[in-house]
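Enquirer: sharing a sequence plus its predicted fold:
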Amino acid sequence: MNLMTAFVAALLNSFDIGILLFIIASGLTIVFGVLGILNFAHGALYMAGAYFLLTLMGTVGMPFWVGVLIAPLGVALLAVLIERFLLRRIYHRHPSFGLLLTFALLLIIDDAVRLIWGSGYHIVEPPQLLRGAASLFGVTYPLYSFFTIGMGILIGIAVWLIFHRTRIGKTVRAAALDPEMAQAVGINVPIVLTVVFGFGAWLAALGGALAAPMRTLGPAMGDTIIIESFIVVVIGGLGSFPGALFGALILGGIHGFGGRWLAEWNIVLPYIGMALVLLWRPEGLMGRR
Amino acid sequence: MLTLENVHACYGESRVLQGIELAIEPGEVVCLLGRNGVGKTTTLRAIMGLTPPREGRVLFKGQLLNGLSTHQIARLGIGFVDENRRIFPGLSVEENLEVAQKRLPEQNRHWPMERIYETFPMLADIRHRDGDFLSGGQQQMLAIARALVGEPELLLLDEPNEGLAPVIVQQVGQLIRQLAQTTTIIFTDQNLKFALKYAERGYVIEKGRVVHASSKESFHSDLATIEQHLSV
Ligand SMILES: Nc1ncnc2c1ncn2[C@@H]1O[C@H](COP(=O)(O)OP(=O)(O)O)[C@@H](O)[C@H]1O
Ligand SMILES: [Mg+2]
């Protein structure tokens, strides 16, 4: 393999990992930006998306395409209930309450998954249409990965348009910037918070459902992803949506290129990257202040 | 239009309002006067439910506001302009207006965007500018416009002339006069000069209580008493 194909392969790997991380981390960063809560359970919601899809396709017998639409909605509904009955009680408390509560949720969801689906591993088959591989600049790569990369780009654009071109999105930004003033101009801020938490969970679960055919489902799959997502938002800047994109692509790049040329360093590279960013710009690359 | 009966409000344990009484009729322009820290802002916040009354009642058009949340109170037809204006930074001028627009069929609006931009020509020129980059006068005009697109019947303006250049203060005054033709207005102030010019009557607040209430007839003859309360 010459350098050119190796480079393209590393690039594809970077996007494959990075774009999926972007979908997930954008949910994490939006929830933090609006609710001020760093959701430890975000990875667990990602996992729930994958397991919901597993059951919808297996037990219920839905085709992948329907399942991938419905599973994230199911998780979003669960998140709406979590926000209404649990999170809502702690907004006016010290931030440590949010960390404790979402950490508790992570443990509960993890154990619920073990109870319902067992601690063994599961596999979700990719849809017929996306099996096999495609070739790009002489590099053969799984067709399904091209699909997730495309989906991630579409989702990123859609989310950006929602926040900048729709009244709902602008209302969410206003409520995030100054909740009290937002209320005073007639915005129902509690509903905004519910919707945003549900939306963040939807993004996590969509990431999980999209990842399911590429990764093995196991009860620990949320733990790695939450750590990676934290690294992404620390690099990009907590609460920044463009930051989530940059952070995810950087981390994807570290995995994609580091995995090929610095394999023995690959485990520590993300942390080195994060430490460098923290030293240079503690608020993250795109963070405020 | 608006009645406050024995309204008490607190920040934590400190009781800032101690039995405020107000009675505002439709169409009036009323000023709440008082030195810094007497509870003018808190009175307006109590009306909006931002600092909910601990005791007493707030009635708007006969409806009890106690227990309603702030956005419900705003949607009943009360517009609020904060003393710090609090423009949403990161949102453009137009977006600041858009998020505050009452959901109504376009033909039922008193304040469609075109009328806003006619009334506030200075906002029309900067409609795409970020809320972060506005002068004090622009912020104040936008804050008032943002309250108007909520289609209020009652407008609460907290120290609308504070920290503004004299030209702008005059514009704000003219605006109050213009709006008064269709809207009931309560504004707060620390000085008599502006109030005498643009309000029909005033209340003087001291230590969370109304210590003096002028009628329309007596407002201009009560000057000595009011001035005494405002000095020292
Ligand atoms: N957020 C707050 N927390 C605690 N005390 C406050 C707060 N806001 C105002 N106060 C106090 O309440 C009193 C009344 O304040 P305020 O209503 O803002 O007065 P005014 O608007 O007449 O200047 C003041 O003594 C002020 O220090
Ligand atoms: Mg004040």
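Expert: Done, it's in. Numbering: from 1, shown residues only, chains lettered A, B, ... in the order given. Ligands and ions are numbered 1, 2, ... in the order given.

Enquirer: residue A:103 and residue A:37: what is the separation?
Expert: Residue A:103 sits 11 Å away from residue A:37, taking C-beta to C-beta, to the nearest Å as the criterion. C-beta coordinates here come from the backbone N, C-alpha and C atoms, glycine included.

Enquirer: neighbour count winner among these two?
Expert: Using other C-beta atoms under 10 Å in any protein chain shown as the criterion, residue A:103 and residue A:37 rank with residue A:37 on top: 22 against 14.

Enquirer: closest point of chain B to ligand 2, which residue?
Expert: residue B:41 (3.2 Å; C-beta to the ion).

Enquirer: got phi/psi on that residue?
Expert: Note on residue B:41: its backbone torsions stand at phi -60, psi -40 [degrees, to the nearest 10].

Enquirer: just the helices in the stretch 1-150 of chain A please.
Expert: A:3-35, A:42-57, A:64-85, A:95-117, A:143-165 (DSSP state H, counting those that start in this stretch).

Enquirer: can you tell which of these is closest to chain B?
Expert: Closest to chain B of these is helix A:143-165 (C-beta to the nearest C-beta; 9.0 Å).

Enquirer: count the neighbours of residue 210 for me.
Expert: Reading this off chain A. The local packing of residue A:210 (other C-beta under 10 Å) involves 25 other residues.

Enquirer: wait, I meant chain B there
Expert: 18.

Enquirer: so where do the helices sit in chain B?
Expert: B:40-48, B:70-77, B:93-100, B:113-119, B:121-124, B:136-148, B:166-179, B:192-198, B:223-230 (DSSP state H).

Enquirer: in a markdown table, list the ones you listed along with mean neighbour count.
Expert: Listed next are the helices of chain B as a markdown table, based on neighbours: other C-beta atoms under 10 Å in any protein chain shown:
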| stretch | mean neighbour count |
| --- | --- |
| helix B:40-48 | 25 |
| helix B:70-77 | 20 |
| helix B:93-100 | 24 |
| helix B:113-119 | 15 |
| helix B:121-124 | 16 |
| helix B:136-148 | 23 |
| helix B:166-179 | 16 |
| helix B:192-198 | 17 |
| helix B:223-230 | 14 |
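
Enquirer: in chain B, which ranges drop under the pLDDT threshold?
Expert: Along chain B, segments meeting pLDDT under 70 span B:232.

Enquirer: kindly report the residues of it close to ligand 2.
Expert: B:41, B:83 (C-beta under 5 Å from the ion).

Enquirer: show me which residues of chain B are close to ligand 1?
Expert: By C-beta under 6 Å from any ligand atom, the residues of chain B that approach ligand 1 are B:11, B:16, B:34, B:36-42.

Enquirer: now the residue lying closest to residue A:125 once chain neighbours are set aside. Its backbone dihedrals?
Expert: Of all residues not flanking residue A:125 in the chain, residue A:213 sits nearest, at 6.4 Å (C-beta to C-beta, 6 or more residues apart in numbering or on different chains). Phi and psi for residue A:213, reported as degrees, to the nearest 10, are phi -70, psi -10.

Enquirer: one step back: can I get the helices of chain B in CSV with distance to chain A?
Expert: CSV is the format used below for those (distance: least, C-beta to the nearest C-beta, whole Å):
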stretch, distance to chain A
helix B:40-48, 6
helix B:70-77, 4
helix B:93-100, 4
helix B:113-119, 13
helix B:121-124, 16
helix B:136-148, 6
helix B:166-179, 17
helix B:192-198, 23
helix B:223-230, 28
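
Enquirer: tell me which of the ones you listed sits nearest to residue B:62.
Expert: Residue B:62 lies closest, by C-beta to C-beta, to one member of the helices of chain B: helix B:70-77, at 11.2 Å.

Enquirer: ok, which pair from the residues of chain B next to ligand 1 is furthest apart?
Expert: B:11 and B:34 (16.9 Å).

Enquirer: count the neighbours of residue A:56 for me.
Expert: 22.

Enquirer: would you confirm that it contacts residue A:63?
Expert: No. Between residue A:56 and residue A:63 there is no contact under C-beta atoms under 8 Å: 9.3 Å.

Enquirer: so what's residue A:84 up against?
Expert: Each residue near residue A:84 by C-beta atoms under 8 Å, 6 or more residues apart in numbering or on different chains is listed here: residue A:194.

Enquirer: state the pLDDT value of it.
Expert: Per-residue confidence at residue A:84 stands at 97 (pLDDT).

Enquirer: now it: how far from residue A:193?
Expert: In terms of C-beta to C-beta, residue A:84 sits 10 Å off from residue A:193.

Enquirer: count the residues that sit near the residue nearest to residue A:116 when sequence neighbours are not counted.
Expert: Leaving out its chain neighbours, the residue that sits closest to residue A:116 by C-beta to C-beta, 6+ apart is residue A:51, at 7.6 Å. Here the number of neighbours of residue A:51 (other C-beta under 10 Å) works out to 27.

Enquirer: what sits against residue A:51?
Expert: A:113, A:116-117, A:122, A:208, A:217.

Enquirer: and the residues you listed, which is closest to ligand 1?
Expert: Using C-beta to the nearest ligand atom, residue A:208 is the member of these that lies nearest ligand 1, at 42.6 Å.

Enquirer: am I right that residue B:162 is in contact with residue B:83?
Expert: Yes. Contact criterion C-beta under 8 Å: residue B:162 and residue B:83 qualify, at 6.4 Å.

Enquirer: and for residue B:30, nearest residue in space, chain neighbours not counted?
Expert: That would be residue B:186: by C-beta to C-beta, 6+ apart, it lies 5.1 Å from residue B:30.

Enquirer: ignore the last one, residue A:127
Expert: Closest residue in space to residue A:127, ignoring its immediate chain neighbours: residue A:64 at 4.0 Å, by C-beta to C-beta, 6+ apart.

Enquirer: need the pLDDT of that neighbour.
Expert: You'll see residue A:64 listed with a pLDDT of 96.
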